[in-house]
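J.: coordinates only, sequence not included:
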């Protein structure tokens with residue numbers, strides 16, 4: 001039995017009042033808009049829920065692809081291993097969903113080659129992981145460390161290229177690829193477009209203009225944008241209402257400038273409406289249906305931002 005976050009129904013409905021109903025009834029994916037986000041569903045939002053339950057949810061959030069996560073955030077990668085690739089392929093086809101990403105922090109950037117056969121078999125174009133190297137380097141030392149990391153990545157990037165995969169590195173706390181400078185140098189020094197960036201605003205200063213400026217600098221190198229803010233954090237016990245402040249449209253971060261920047265660079269990569277629950281391995285809300293509804297609410301907030309910028313407001 002999966003552990004469940006503690007939130008009663010009355011609280012959940014109060015949190016969602018005025019937004020949830022509209023989210024289901026009228027997805028605000030303005031077809032007339034020039035710029036649109038391309039959504040992928042991250043399986044870890046559902047904790048250790050079964051793939052058979054998660055895959056039908058992709059269409060409900062407007063996603064054509066799913067990003068599968070291993071333990072501890074989810075266990076869907078392990079589920080694929082247990083059921084076999086053929087059965088997983090059947091499930092994908094039955095739900096008209098494609099495998100869009102394999103997230104693998106556990107294997108790390110130098111351990112991804114073992115995932116390439118799965119990616120190639122199912123046409124998965126993206127893997128996401130963290131960087132590797134000194135955590136506190138700055139200035140010239142940081143640039144030198146990023147260059148050394150990229151040098152070590154070259155044979156892995158070559159294998160990724162052979163398999164039609166791009167490896168994206170997420171900026172993450174306590175990691176070589178953490179600061180805006182580390183991301184700039186990753187982009188500047190990368191030897192191939194098969195090494196890219198997964199941008200997580202959660203791990204950066206919560207300043208809208210700085211984040212928008214960074215997006216404009218990194219635009220061509222971004223393959224994933226996590227619609228994810230810091231809110232009240234995700235590393236200590238707190239009520240679910242506070243955990244949800246990581247979601248777009250709930251916490252204090254105004255995503256409008258970030259969306260404007262994405263439109264300015266004609267961003268073509270993926271977007272995931274994202275947060276981490278505490279503890280890891282549980283769904284963000286007690287049921288699959290409630291989790292999907294909260295993702296839809298976040299997506300609709302982003303769609304409202306997109307609609308505004310496309311109208312020139």
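T.: Nice, I can see it. All figures in this text were calculated on a predicted structure; none of them were measured in a lab. Numbering: from 1, shown residues only.
J.: switch to C-alpha atoms for all contacts and neighbour counts from now on
T.: Will do.
J.: give me the low-pLDDT residue ranges for the protein?
T.: 1-33, 313 (pLDDT under 70).
J.: quick one: secondary structure of the residue of it positioned farthest from its centre?
T.: The centre of the chain is farthest from one residue, residue 140, which by Cα atoms, centre = their mean lies 29.8 Å away. What DSSP: H, G, I helix; E, B strand; the rest coil gives for residue 140 is helix.
J.: so how far is residue 182 from it?
T.: Distance from residue 140 to residue 182, counting by Cα to Cα, to the nearest Å: 11 Å.
J.: do the same with residue 62
T.: Counting by Cα to Cα, the gap between residue 62 and residue 182 amounts to 32 Å.
J.: More neighbours: these two, which one.
T.: More crowded of residue 62 and residue 182, by other Cα atoms under 10 Å: residue 182, with 23 against 17.
J.: Helix, strand or coil: sort out residue 153 for me.
T.: At residue 153 the chain is in helix, as set by three-state DSSP.
J.: Where do the helices of the protein begin and end?
T.: 9-16, 20-25, 51-54, 76-83, 85-94, 116-122, 139-162, 180-189, 208-218, 240-243, 256-264, 288-310 (DSSP state H).
J.: Not counting its own residues, what contacts stretch 240-256?
T.: With Cα atoms under 8 Å, 6 or more residues apart in numbering as the contact definition, stretch 240-256 has outside contacts at 5-7, 15, 202, 206-208, 227-234, 273-278, 284-285, 298-299, 301-302, 305-306.
J.: if I pick residue 76, what's in contact with it?
T.: 43, 44, 48, 49, 50, 51, 68, 69, 70.
J.: Can you report how many residues neighbour the fifth one?
T.: Number of residues near residue 50 (other Cα under 10 Å) recorded here: 15.
J.: any idea how far the closest residue to residue 277 other than its chain neighbours lies from residue 34?
T.: Nearest non-adjacent residue to residue 277, counting by Cα to Cα, 6 or more residues apart in numbering: residue 284, 5.4 Å away. Remark: distance between residue 284 and residue 34 (Cα to Cα) = 32 Å.
J.: For these two, work out which one has more neighbours and name it.
T.: For residue 284 versus residue 34, the count of surrounding residues by other Cα under 10 Å is larger for residue 284: 29 against 13.
J.: Quick check on residue 265: phi, psi?
T.: Dihedral pair for residue 265: phi -90, psi 10, per degrees, to the nearest 10.
J.: hang on, it packs against residue 214?
T.: No. Assessed by Cα atoms under 8 Å, residue 265 is found out of contact with residue 214, at 11.1 Å.
J.: Please say which of those two ends up with more neighbours.
T.: Legend: neighbour count by other Cα under 10 Å for residue 265 and residue 214, higher for residue 214 (18 against 14).
J.: Let me see the contact set for the more buried one.
T.: Counting by Cα under 8 Å, 6+ apart, residue 214 has contacts residue 180.
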